[in-house]
Each structure stands twice: as structure tokens, then as C-alpha cells.
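> Sequence first, predicted coordinates after that:
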2 protein chains.
Amino acid sequence: MGERSDWGALRERRMAEPGAAEAYAATRLAYELGRTVRALREERGWSQTRLAEAAEMTQSAVARFEAGGTVPTLPVLERLANALGAELVVQLRAPAA
Amino acid sequence: MGERSDWGALRERRMAEPGAAEAYAATRLAYELGRTVRALREERGWSQTRLAEAAEMTQSAVARFEAGGTVPTLPVLERLANALGAELVVQLRAPAA
DNA sequence: CCGCTTTATAGCATCGATGCTATGAGCTGG
DNA sequence: CCAGCTCATAGCATCGATGCTATAAAGCGG
């Protein structure tokens, strides 16, 4: 718990920096998308190699994506979504008036 | 109408090519996102210069984005969404069982 | 007509994702 | 024990988005 609050304090300091909040959000998004793709893949009982074939990329690219270490591009997300029979939703949602 | 069906036929042929469907979808998404950002900006009575300031980019980058000629990256979308007080939603939606 | 604002476009350097190949670790079944 | 599979990581070249500056066209108010 001590580490947790230390990290929280550090993160808040970093977030106060210009652009940090967006950078963090993009990294978190990458991580979540990676997890979602892995979950959908495993639901189908597919290996990374199998998904790579369907999405026209290599197994190592799938592994890298699922690890969430990089922020993916939209075309790659489209290919993965199509391969998994899912739909990629990207939208700017204005706040309710 | 004649041109329309010609274009439709050509598009279907192009779509049959591997990767074309995804590339088209990403390009269409870029175009729609550009339009959405312009609409949100104009709702606020903002100029491109004003939005650029809020999103920490230059006016020409905003113009280029709104034109939809390039597929934007997620960090840029995050910055624009935050600047406009909107929320960026990105998700892989699995088909209903 | 002029100054200002707004928008669009061009050109160029940079950077990070992507594509690829290779490789290693771990696990499993034979 | 070994082959095969799966997954993760590394390294490198390529490519396209991004950042930036500059510039031009259009419109508007004075």
C-alpha cells in the first residue's frame, strides 16, 4: 500500500505536466486494447500465430500488440478487429449537455 | 447516379483485395473524425488557431487533421478530444452472441 | 484599399509504429 | 529426451504521421 500511494503521488505530479495526461491515456488505452484482443483471441481458442494469419501480420507483431507496449495505429486495430469478427469503434463523444 | 454506381462497382472490386477493406475503413474513419472535430470546434465558435492552442499543436496541424487526409494517431486524438471537452472512445466491440 | 483573421497547402526533419526475421524459454505429448 | 507449439523479446529497415515553418487565398470590417 505504501508503494501504491507513492506511485499515486508520482503519477499525479507527472499528470500535471502538459501533455502527460493524454500520453498516459493513450498508453493505458494501448494496454487495454491489448488485453481485449488477447481475451477475444483466447475465447476463440486461437493461438497468436492463428490470429496473425487472419490479420495478415506476424506472430511477433501480435505478441507485441497484446503486450500493449506500443500505441497501435488505427489500420492495425481495424485489421485485428476484422480478424476477430469484432467491430472497431472510434468516436469523440461530446459531454451530455 | 451513373457515376455513383461506377464508383460503387470499382469500390467493391478494390475492397475484394486483401487489406483494402481495412485501409478503406481507416481512411473513412479519419475523414469522419476530421468532420467531428470541425463540428465540435465550430459549435464552440472556435477558430483552428484557438483549438490548436488548447490541443498543443499548430493551426496547420488542426487543418490537416480536419481535412481527414491522414489517419491520426491515438495520442493526437486524445489531445483533441480533451481540448474540446469530449471523450475519446476506442473499443473492439465483439458481435452479439 | 488595407490590415487582420481564418483556413488550407506545401515542404522538410523527426519519430515511433510496423513489418520482418531470428531466437530463446517454457510447456506438452510421444 | 525430443520435436513441436506457443509466446515473448530483440534488432533493424521502412513508412507514414506529426511537428514545425512558411505562404497563399479568401473574407471581413474599417
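Nice, thanks for sending it over.
> from here on, contacts and neighbour counts on C-alpha atoms
Will do.
> Show me the helices in chain A, by range?
In chain A, the helices defined using DSSP state H lie at A:2-15, A:20-43, A:48-55, A:59-67, A:74-83.
> could you dump those to TSV with mean pLDDT?
What follows is the helices of chain A, written out as TSV (pLDDT from 0 to 100):
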stretch	mean pLDDT
helix A:2-15	52
helix A:20-43	86
helix A:48-55	94
helix A:59-67	94
helix A:74-83	93
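> among those helices, which is the most enclosed?
Of all the helices of chain A, helix A:74-83 carries the top mean neighbour count, a mean of 21, counting by mean count of other C-alpha atoms under 10 Å in any protein chain shown.
> circling back to that earlier point, closest to B:Glu53 out of the helices of chain A?
Nearest to B:Glu53 among the helices of chain A is helix A:20-43 (14.9 Å), distances taken as C-alpha to C-alpha.
> quick one: which of the helices of chain A is nearest B:Arg28?
For the helices of chain A, proximity to B:Arg28 was assessed by C-alpha to C-alpha; helix A:74-83 is nearest, at 11.0 Å.
> what's that closest one packed up against?
helix A:48-55, strand A:87-93, helix B:20-43 (3 or more C-alpha pairs under 8 Å, 6 or more residues apart in numbering or on different chains; DSSP states H and E).
> That helix close to DNA strand C?
Yes - residues of helix A:74-83 contacting DNA strand C under C-alpha under 7 Å from any atom of the strand: A:74, A:76-77.
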